[in-house]
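1. Okay, predicted coordinates and the sequence, questions at the end:
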Amino acid sequence: MFRNQFGKLSRVSTHLQRNPIALCASSRTAEMSTNVAPAPAAATIDEFRTNVTNPAEHSALQVAKFYTIAAEQKKQIFTGGGLPKQYEQQIKTFTEACLMVRSPGLELLQYIKNADLTKPTVRYVLYGDNGVGKTLTMAHALHYGALNDFLLVHVPWAPNWMKRPKESSNSASQEGFIDLPFDAAAWLVHFKNQNAQLLQKLQLKTSKEYVWSKRESTPAGASLVELVEHGVARIKYASETTAALISELKLLATNGQCKIMVAIDGFNAFFHPITRIFSDNKQRVSPDRITLTQPFLDITSYDWTNGVCILSVDKIAMTEGYMDSHMPRYLLGKEGFEHLDPFVPIQVGNYTDKEFQSCINYYLDRHWISKTQPGFENQLKFMSNMNPYTLMQLVRGL
């Protein structure tokens with residue numbers, strides 16, 4: 001039997017030697033059979049994206065992938081701020097709003113999903129070095145809150161009130177305090193835009209009458225929308241209206257009529273020793289003398305229920321001489337740390353290798369990086385140290 005098989009093989013080899021055309025055809029067939037792999041490569045061209053656009057459905061499967069925020073949702077949540085300025089420019093250039101799903105964001109969302117809202121409000125503190133993505137991690141949570149019927153109480157960047165107020169004036173209701181009327185009115189507009197649909201659905205009412213002057217008042221039982229519109233229309237009373245609104249929101253949430261997501265970026269600015277606002281005697285005032293400070297300290301305390309607080313601490317929120325560390329204890333100081341204690345710290349770090357490569361692939365897909373040389377990723381990795389903001393700066397337009 002072995003001889004018969006050997007004889008057949010020898011005859012086949014003799015045939016191929018005598019017929020070069022057959023030999024050539026057989027070699028081509030062998031090449032084709034070993035080169036069938038490129039087909040799946042085309043299917044993985046968008047491996048840095050995910051079609052899961054609802055943050056509530058994000059899991060470890062979507063880590064390091066970009067998801068798209070619908071244009072109307074982006075307009076609703078972030079028109080008044082909440083995204084870094086350069087990231088906003090990038091969104092306009094790419095004609096799409098994309099956020100990367102990262103581990104700190106997933107950790108935060110997991111805590112919020114598992115939280116018992118009948119218990120006192122839990123405070124989550126995002127911390128990390130400059131440019132690691134604390135604001136975008138907060139944006140991811142805000143998107144989740146907007147889609148899951150949380151009323152958003154969002155301060156896009158608290159240090160603006162302490163460093164660059166639009167206008168300041170002496171408070172008419174609290175002697176020795178400073179009002180920021182235009183900033184307060186802008187925040188009320190931001191609150192109304194973010195929550196317009198939900199406020200219309202819930203039809204929340206005020207619990208008592210608010211008297212602004214001899215001729216102006218907001219009666220008990222008025223809608224929260226009326227209260228907000230009064231503060232916008234009468235800018236003089238915008239700071240007082242903000243305080244009244246936040247007081248009402250805490251009461252409504254505790255009574256189970258709504259649930260609230262508080263998100264304040266640069267929260268440690270409320271505990272900085274001084275501001276850049278001057279009093280009548282040309283002395284810099286401290287943050288506790290600004291009428292907008294106390295309402296937002298009240299809503300970040302733990303004396304109410306049915307809500308979550310997401311706060312970030314940032315070195316940039318401070319001024320020179322107070323930027324030696326990015327740790328919460330240092331940035332908040334003794335008073336701020338005791339105000340939040342106990343809280344859940346969530347560290348946001350630089351990109352992982354997978355996140356870095358995903359970001360590079362996204363830039364290539366958008367043709368933001370076009371002319372490349374072999375090894376350019378390693379050069380960018382070295383120059384940026386995989387810091388998200390530094391990488392964005394390195395590849396920005398001229």
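-> Arrived safely. Residues are numbered from 1 along each chain as shown.
2. which ones are touching residue 331?
-> Residue 331 makes contact with 127, 268, 313, 314, 315, 317, 318, 322, 325, according to C-beta atoms under 8 Å, 6 or more residues apart in numbering. Any C-beta I mention is one placed from the backbone N, CA and C, and that applies to glycine too.
3. What confidence value was assigned to it?
-> Per-residue pLDDT puts residue 331 at 95.
4. Next, it: secondary structure please.
-> helix (DSSP: H, G, I helix; E, B strand; the rest coil).
5. Next one: the residue nearest the centre of the chain from residue 74, what distance?
-> Taking C-alpha atoms, centre = their mean, the centroid of the chain lies closest to residue 139, which sits 1.9 Å from it. Distance from residue 139 to residue 74, counting by C-beta to C-beta, to the nearest Å: 10 Å.
6. so where does residue 125 fall, helix or strand?
-> strand 122-127 (DSSP states H and E).
7. Show the secondary-structure elements that the one helix or strand residue 93 maps to is packed against.
-> Assigned by DSSP H and E, residue 93 falls within helix 85-94. Secondary-structure packing of helix 85-94 (3 or more C-beta pairs under 8 Å, 6 or more residues apart in numbering; DSSP states H and E): helix 388-394.
8. and the helix it packs on, what does it pack onto?
-> Counting by 3+ C-beta pairs under 8 Å, 6+ apart, helix 388-394 packs on helix 85-94, helix 353-365, helix 376-384.
9. Quick one, which of these gets closest to residue 198.
-> Of all the helices and strands packed on helix 388-394, helix 85-94 sits nearest to residue 198, with 24.3 Å by C-beta to C-beta.
10. Just give me how far the helix or strand that comes right after that closest one sits from the chain centre.
-> Counting by DSSP H and E, the element after helix 85-94 in chain order, helix or strand, is strand 97-100. In terms of C-alpha atoms, centre = their mean, to the nearest Å, the centre of strand 97-100 is found 10 Å from the chain centre.
11. where in this protein is pLDDT low?
-> 1-46, 397-398 (pLDDT under 70).
12. Tell me which helix or strand comes right after the helix ranked longest in the chain.
-> Ranked by residue count, the top helix of the chain under DSSP state H comes out as helix 181-202. Tracing the chain past helix 181-202, the next element assigned as helix or strand by DSSP H and E is strand 210-211.
13. Give the pairing partners of that next one; include direction for each.
-> Here strand 210-211 is paired, per DSSP bridges, with strand 217-218 (antiparallel).
14. residues in contact with residue 158?
-> With the criterion set at C-beta under 8 Å, 6+ apart, residue 158 makes contact with 264, 265, 266, 267, 269, 270, 296, 317.
15. how does it look with 10 Å?
-> Counting by C-beta atoms under 10 Å, 6 or more residues apart in numbering, residue 158 touches 264-270, 272, 287, 292-293, 296, 311-312, 314, 317.
16. how about the helices and strands packed on helix 388-394, which one is nearest residue 105?
-> With C-beta to C-beta, the closest approach to residue 105 among those belongs to helix 353-365: 11.4 Å.
17. Could you give me the buried positions within that closest one?
-> 355, 356, 357, 358, 359, 360, 361, 362, 363 (16 or more other C-beta atoms under 10 Å).
18. who touches it?
-> Outside helix 353-365, the residues that reach it (C-beta under 10 Å, 6+ apart) are 45-49, 63-66, 90, 94, 98, 100-103, 133, 349-352, 368-370, 372, 376-377, 380-381, 384, 386-388, 391-392, 395.
19. Whichever of these end up buried, select them in ChimeraX.
-> The ChimeraX command for the buried members of these (criterion: 16+ other C-beta under 10 Å) is given here:
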select :48,49,63,64,65,66,90,98,100,101,102,103,133,349,350,351,368,369,380,381,384,386,387,388,391,392
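20. mind giving me TSV with the helices and strands packed on helix 388-394 and columns for distance to residue 178?
-> Converted to TSV, the helices and strands packed on helix 388-394 look like this (distance: least, C-beta to C-beta, whole Å):
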stretch	distance to residue 178
helix 85-94	26
helix 353-365	42
helix 376-384	41
